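Engineer: Give me coordinates for this.
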Amino acid sequence: MAYQRVEVLTGTERRRNYTPAEKVRMVEEAFRPGVVVTEAARRLGVHESLLYRWRGLMKGTPPPRATL
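Structural biologist: Residues are numbered from 1 along each chain as shown. Modelled structure (predicted):
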């Protein structure tokens, strides 16, 4: 009989709520000419896709919807 290891993740971190001003500041910082978005996201402590989503919302572009 083979045993399978199961790991239970009990993260206690809560989602961070950013103010609109914080989002604008982070997007402006991440998308300045010459800045690598991935590095900026890491430095700011957010996921790269979140910066792209916020930028799209600021431009009036709805976020892409998942399709099955």
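Engineer: make it CA atoms for all contacts and neighbour counts henceforth
Structural biologist: Will do.
Engineer: Provide the secondary structure category for residue 15.
Structural biologist: Recorded secondary structure, residue 15: coil (DSSP: H, G, I helix; E, B strand; the rest coil).
Engineer: Sketch out the low-pLDDT regions of this protein for me.
Structural biologist: 1, 62-64, 66, 68 (pLDDT under 70).
Engineer: swap the cut-off to 80 and go again
Structural biologist: 1-3, 7-14, 61-68 (pLDDT under 80).
Engineer: Start from the N-terminal end of it and give the helices.
Structural biologist: Taking DSSP state H, the helices of the chain run over residues 20-30, 37-44, 48-59.
Engineer: mind giving me a markdown table with these and columns for mean neighbour count?
Structural biologist: Converted to a markdown table, these look like this (neighbours: other C-alpha atoms under 10 Å):
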| stretch | mean neighbour count |
| --- | --- |
| helix 20-30 | 15 |
| helix 37-44 | 15 |
| helix 48-59 | 15 |
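Engineer: Let's have those in CSV, adding distance to residue 4.
Structural biologist: Output for these, formatted as CSV (distance: least, C-alpha to C-alpha, whole Å):
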stretch, distance to residue 4
helix 20-30, 43
helix 37-44, 34
helix 48-59, 34
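Engineer: which residues does residue 65 contact?
Structural biologist: Applying C-alpha atoms under 8 Å, 6 or more residues apart in numbering to residue 65 gives no contacts.
Engineer: isn't residue 38 right up against residue 48?
Structural biologist: Yes: assessed by C-alpha atoms under 8 Å, residue 38 is found in contact with residue 48 at 5.7 Å.
Engineer: Could you pull out the residues contacting both of the two?
Structural biologist: Joint contacts of residue 38 and residue 48 (C-alpha under 8 Å, 6+ apart) do not exist.
Engineer: What sits closest to residue 29 if chain neighbours are left out?
Structural biologist: In this structure, residue 29 finds its nearest non-sequential neighbour in residue 40, 7.5 Å apart by C-alpha to C-alpha, 6 or more residues apart in numbering.
Engineer: Report the separation between that neighbour and residue 16.
Structural biologist: From residue 40 over to residue 16 the distance is 17 Å, taken as C-alpha to C-alpha, to the nearest Å.
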